[in-house]
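**Student:** Kindly return the folded structure for what I paste below:
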Amino acid sequence: MSLLKRIAAFTVFSSVAFCQVPSMLTVQGINGTSAKFSAADLAALPQQTVKTSSHGTPVAFEGVLLADVLAKVALPVGEKFHSTAASYYLTVEARDGYRAVFAWAEVDSSFIDKPVYVVTKRDGKPIPEKDGPFELIVPGEKRNARWVRQLAALKIKQAD
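**Tutor:** As a prediction, this is how the structure comes out:
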């Protein structure tokens, strides 16, 4: 087999193998804790339906509360973090490199009652591959700059 044919065969095999790898959402908490979620893992959590608008168009999303996903790792909550919780933040990362940041006080229910969601369906259908399979949405924000498509990772960090 020629080198060119071997390269072509490898490319096809690699592409097929890559496409078959299920997408996972990685969550990193504090103290080295982490968890991974597949679509099936998220489906096992309490489901929510969120009616909002995306770029001026009404839409219904289905998914889970971000708080339910974060609850699977160690968080800066409770009396131990009373004086330091506000120094933490959450980075949200997409497969394409896009990133958004939330101050911890924006996602911790002991600070605010403004839910954020990790969704897997839009108008009753799975999130399209170009946007999904996971998307983070923040209903009520005037701009969708922190709505992260192709959601790949959530990381809790403390400011220096």
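
**Student:** Mind listing what's buried along the one helix or strand L42 maps to?
**Tutor:** Using DSSP states H and E, L42 sits within helix 39-43. Buried residues in helix 39-43, counted by 16 or more other CB atoms under 10 Å: A39, L42. Placement of C-beta: from N, CA and C, glycine included.

**Student:** for it, packing partners?
**Tutor:** Under the contact criterion of 3 or more CB pairs under 8 Å, 6 or more residues apart in numbering; DSSP states H and E, helix 39-43 touches strand 117-122.

**Student:** What pairs with the strand it packs on, parallel or antiparallel?
**Tutor:** In the sheet, strand 117-122 lines up against strand 57-65 (antiparallel), strand 125-126 (antiparallel), strand 135-137 (antiparallel) (DSSP bridges).

**Student:** returning to that earlier point: mind listing residues that contact the helix or strand following the helix holding L42?
**Tutor:** Once the chain leaves helix 39-43, the next helix or strand it forms, by DSSP H and E, is strand 48-54. Strand 48-54 is contacted by residues 58-65, 115, 117, 119, 137, 139-140, 144, 147 when judged by CB atoms under 8 Å, 6 or more residues apart in numbering.

**Student:** let's go with 7 Å and repeat that
**Tutor:** With contact meaning CB atoms under 7 Å, 6 or more residues apart in numbering, strand 48-54 is reached by V59, A60, F61, E62, G63, V64, L65, Y117, I137, P139, N144.

**Student:** still on that earlier bit, please tabulate the strands paired with strand 117-122 in TSV, including the columns distance to A152 and mean pLDDT.
**Tutor:** Output for the strands paired with strand 117-122, formatted as TSV (distance: least, CB to CB, whole Å; pLDDT from 0 to 100):
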stretch	distance to A152	mean pLDDT
strand 57-65	15	96
strand 125-126	17	96
strand 135-137	10	97
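
**Student:** got TSV for those strands, with mean neighbour count and distance to Q47 too?
**Tutor:** As requested, those are arranged in TSV below (neighbours: other CB atoms under 10 Å; distance: least, CB to CB, whole Å):
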stretch	mean neighbour count	distance to Q47
strand 57-65	17	6
strand 125-126	10	14
strand 135-137	24	14
